[in-house]
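In: Sequence plus predicted model, see below.
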Amino acid sequence: MLGRFTLTTAILLALTSTGARADAIRIGVNEPLTGPFAASGTYVVNGAKIAADEINAKGGVLGKKLELVIEDNKSNPTEAAAVAEKLITSDKTPVMMGAWGSSLTLAVMPKLVDYETPMLVETSSSGKITTSGNPYVFRISPPSSLEAETFAPMVSRLGLKKVDFLVLNNDFGRGAATDFGKMLKDKGVTVGLVETMDQGAQDMGAQLAKLKASDADTIMITSSVDQLVLLFKQMAALGLKKRVITTGGSQNPDQIIAQAGAAADGTMHLTTFLPWSPDKTPDPKATEAFIAAWKKRGFDYAGVTESFRGYDGIRAIAHAIEKAGSADPAAITKAFWSVDLVGLNGPIRFTKAGPAGKESGQSKPDVYLIEIKDGTVIVPTL
Amino acid sequence: MNELIQHLVNALILGGTYALLGIGLTLIFGIMNVVNFTHGALYTVGAYVMYLAVAALGLNFFLALPVAILGGLLLGAAIELVLLRPFRGSDIDTTMLVMIGAGIILQSGTLWTFGGVAKAIPSPFPEAPLQIGLVSVSWLRLFVLGAALTLIALTYALINRTKLGLAMRAAFQDSDTAALMGVDVRRIYTATFALGSSLAAAAGALLGPVYVVFPQMGGLAELKAFAIVILGGLGNVTGAAIGGFILALAEEFGAGYVSSGYRDAMGFLIIIAVLLYRPTGLFAKAERIG
Amino acid sequence: MNRLFPLALLAGLVVLPLGLGTNPYLLNALIVTGILTIGAMSLNLLLGFTGQLSLGHIAFFGIGAYVSALTSLGFDVDLGFGLRAVHEPWPAWGGFLLATVAAGGCGYLIGRLSFRVRGAYFVIVTISFAEVVRLVALNWVELTQGPLALTNIPAITLGLPGLGIWTLKTKLQNYYLVLTVGTLCYGVIARLVGGRFGRAMRGLKENESLALSVGINATRTLTVAAVISAAMAGAAGSLYAHYLRIIDPDVFLFATTVTMVIMVVAGGKGTLMGPVVGGLIFGLLPVALRPVMAPEAQWIVYGLVLIVILFVMPRGIVPGLSALLSRRQARPAPVLEVNPAVQR
């Protein structure tokens, strides 16, 4: 029995010495590759790989190659924190990207303070991430308050009168309902029902029946793409015909078109990327190059709206390392403040957010309103 | 009023597939005394076979359905032969853990094979719903309800009208006596597990086109199946059928009139209430199945 | 099993950090494994010694985590009818004690219940209980922050009279804290099981009517076992909350209960060392698999290892190995452990 015990110890010891290439700069990637967010996390990782390969093909950063250390956080906050711990202490990554969902990112954040290591947040939307006084967080995705702010000018042009909400029962959904609700009230729009649904829920018939009976003209929905597909199909089945606007930037409209078909016709979506009309993006050449690389690798086209964040995230990190002049966590943290890069959805520049002295960085990406019409994505003129 | 009727219609349609899920689980528990933790995974496999047949192989929708059911039947038989037969006679905790292990393998296996992106199964039914007054029902869901009721009726007929069913009923009451009477109990167990599995796969294949197909879809379905089975009384097929409809009603009205956040809590609250009031389930464990 | 083995294991665990060179990642894995192992030991008290399978054990763990976190963070909640519940933050050790008490109280309810409903019904009632608690934690946003998670939970503090107060922030401190609590729990269970109470529990498990006829109070025995078991799970949950310093409704996931059950049954239910050995193996297996294979494959191996252990040693690793060892001592030629189920 004791022999068995020493064997376990030996395995553990062997694990501590994971082989590292000394000449490479390592970037930790902490994403959900299994569990409920597996699909989205995999898209982001694929985008990150394209960026790393592209940068390495051009000679790398500071004369060294970039090496992504990709770890699965199993869509679980506890696991996300453990992964961060492993990436920082065992893999010695001076900077990380992660962790997709807000609860995953929030779980990682105390570790960043403990080890004074910066992380670029690519997807999470909770306001809490940049307002809790964590100076190691730099976010390129818009929090829902920023999304609501960008949407504000379109409210009167769309002629919204009364809006109901149907949101995921988590930080992502409830945050969106709060921020958009506040903005709409300021604009003189009535806010009606706020209905919630669970993460894995598949049948939203009860909520939809309630929304159908309401007198609101518009339903704003915040959820992930899989649930949106279900919702549109179930709305068609219920004969619920109201204006639908989705928020959150995780919609993957091409997947919606492919899977919900005609049921998705007429729906509008707030998105942060326009792969359908590269000419309207801030850097058309880069957008086209990214889409070409994505297709060349045989990835599912619908994933580009999710994966570009991984691509932009790694590019921003590489930029910060370049500016820092060394792969040192403190230097990279400082250098993030001087990042100035044209990303696929607008300039990546970090402005200060949160309590003074411990500000987090928040970039302000573009937000676009798109519409699905006859099975294609159009940018409506308002 | 219209909202109320719409909720009722929704519940009726949902209840049919819930009943199907519950019957498969309760059969396996009643006859084999196995808590089947692969039920959710088999539901998922049913949906993926349907997806492969319709979307990848281009098979007719109505032909793909029996293919998926057959897939569940074969996989169920294989699980029974490889994993359960060697553990015959072990206590219920051991077989339950074996099933948990098998469930983990099946679920991770589907994730590995198909990836995490949800798949949609195209259906031949018109998108526009059937409109009765202000209440609407989709044609696909009507078909699903019809198919579920048909399968339930077939299961009843199998148990009550066939020789296999007779042997199953005998094994349910007393497997030792049944064995003495010349019933090959080992074969009955395999048949029971395969039958229960095929019903789970059928539920997945029917609901796959209604919803979307993804590797984790079985988790929630499995918990609901447990709720239904306990509501109906363990091993009670009729109870499971009624339990399915009760759960659907509770969820629908809970979400509609109490709070949508507690939708999935309704079923569990009912279970706790029922068990405190009637510890053996709403319909006590049947003396015989069928 | 050899009586020296627990002591040897304890000594090994005490010096292990020296051997690891205090690698934070591995220490982290060991701490989380240790906390789950305490949960598994507490589950074993119910499952292994009274034969009642609770698949909602994670509820006590989660209740402990939430009670402890909320006690030390403070809250201000509107209860309706003009009532408000306001609580000022307490030191974390107060949270730990309250968590233990609160989880024990819930254990009392479940213990009373377990006398009413048995077997598979008890299993499902406990699953339902855990699921309802999870949904409350998810939806009572004002109190629990719902899915936003309770963050910035303070690290646990330890005060000794005359020596001042320490805040246990580092991994190493937490490692020894978990090891200490784990050893204490082990000691409590060993005392319980070895004494009159243990005989009563085993009597009820083996032959209830016989046990009742010789004057064993079944309700009281089962209730006491459930209270102690739940209180230990609550204590483990409290350690978890103050170590991770974030807690969200995912703590109630069914998968965590399953992990604990696997630890107990694979290790050997109804044995003192079973949950410890099972806990170490199944807690560290994912860590060992992580660098060598794809995430999905890790889960497949996890499932396979579980089935193989059950196949080779149906009563669990600890009874299986001790049978093997004693046979080896008795006879020169080693005899393979054969599944008794196969022989039938």
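Out: Great, that's in hand. Because the structure is a prediction, the values reported are computed rather than measured. Numbers count the residues shown, from 1 in each chain, chains lettered A, B, ... in the order given.

In: Could you check how far the residue in the stretch 201-344 of chain C positioned nearest to chain A is from residue A:35?
Out: Proximity of the stretch 201-344 of chain C to chain A (C-beta to the nearest C-beta) peaks at residue C:295, 4.1 Å away. No exception for glycine: its C-beta is placed from N, CA and C like everyone else's. From residue C:295 across to residue A:35, the span is 9 Å (C-beta to C-beta, to the nearest Å).

In: Now the common contact residues for those two.
Out: Contact with both residue C:295 and residue A:35 is made by residues residue A:74, according to C-beta atoms under 8 Å, 6 or more residues apart in numbering or on different chains.

In: returning to that earlier point: list the contacts for the residue of the stretch 201-344 of chain C closest to chain A?
Out: Each residue near residue C:295 by C-beta under 8 Å, 6+ apart is listed here: A:33-34, A:72, A:74.

In: Of those, which are in range of chain B?
Out: Restricting the contacts of residue C:295 to those near chain B by C-beta under 8 Å from any C-beta of the partner chain leaves A:33-34.

In: now the contacts of residue C:295 as TSV including secondary structure, neighbour count and distance to residue A:257?
Out: Formatted as TSV, those follow (DSSP: H, G, I helix; E, B strand; the rest coil; neighbours: other C-beta atoms under 10 Å in any protein chain shown; distance: C-beta to C-beta, whole Å):
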residue	secondary structure	neighbour count	distance to residue A:257
A:33	coil	24	26
A:34	coil	26	27
A:72	strand	25	29
A:74	coil	25	30
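
In: Reformat the contacts of residue C:295 as CSV; add pLDDT and distance to chain C.
Out: Below are the contacts of residue C:295 laid out as CSV (pLDDT from 0 to 100; distance: C-beta to the nearest C-beta, whole Å):
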residue, pLDDT, distance to chain C
A:33, 88, 5
A:34, 81, 5
A:72, 91, 4
A:74, 84, 7
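
In: Pick out whichever of the contacts of residue C:295 sits closest to residue B:22.
Out: Nearest to residue B:22, judged by C-beta to C-beta, of the contacts of residue C:295 is residue A:34 at 28.6 Å.

In: Now do the contacts for the closest one.
Out: Contact partners of residue A:34, counting by C-beta under 8 Å, 6+ apart, are A:72, A:74-75, B:108, B:111, B:116, C:295-296, C:299.

In: Okay, helices next: where are they in the stretch 1-150 of chain C?
Out: Assigned by DSSP state H, counting those that start in this stretch, the stretch 1-150 of chain C shows helices spanning C:4-20, C:24-47, C:57-73, C:92-116, C:119-139, C:141-144.

In: Out of those, which one sits most buried?
Out: helix C:57-73 (a mean of 29; mean count of other C-beta atoms under 10 Å in any protein chain shown).

In: Show me what it is packed against.
Out: Here helix C:57-73 is seen to pack against helix C:24-47, helix C:92-116, helix C:119-139, helix C:141-144, strand C:150-151, helix C:218-244, strand C:246-247, helix C:254-267 when contacts are counted using 3 or more C-beta pairs under 8 Å, 6 or more residues apart in numbering or on different chains; DSSP states H and E.

In: For residue B:161, which of these is the nearest?
Out: Among the helices and strands packed on helix C:57-73, the nearest to residue B:161 by C-beta to C-beta is helix C:119-139 (28.6 Å).

In: Against which helices or strands is the closest one packed?
Out: Contact here means 3+ C-beta pairs under 8 Å, 6+ apart; on that basis helix C:119-139 packs against helix B:217-232, helix B:263-277, helix C:57-73, helix C:92-116, helix C:141-144, helix C:254-267.

In: Show me where the stretch 1-150 of chain B dips below the pLDDT cut-off.
Out: Along the stretch 1-150 of chain B, segments meeting pLDDT under 70 span B:1.

In: Get me the contact residues on it for chain C.
Out: For the stretch 1-150 of chain B, the contact set with chain C under C-beta under 8 Å from any C-beta comprises B:29, B:35, B:83, B:86-90, B:92-94, B:96-98, B:100-105, B:107-109, B:111-112.

In: ok, now with 7 Å
Out: Contacts of the stretch 1-150 of chain B with chain C, taken as C-beta under 7 Å from any C-beta of the partner chain, map to B:35, B:83, B:86-90, B:93-94, B:97-98, B:100-102, B:104-105, B:108-109, B:111-112.

In: Ends of stretch C:142-151, what's the gap?
Out: Taking C-alpha to C-alpha, to the nearest Å, stretch C:142-151 runs 14 Å from one end to the other.

In: For it, which residues meet the burial criterion?
Out: C:143-151 (16 or more other C-beta atoms under 10 Å in any protein chain shown).

In: No more questions from me, cheers.
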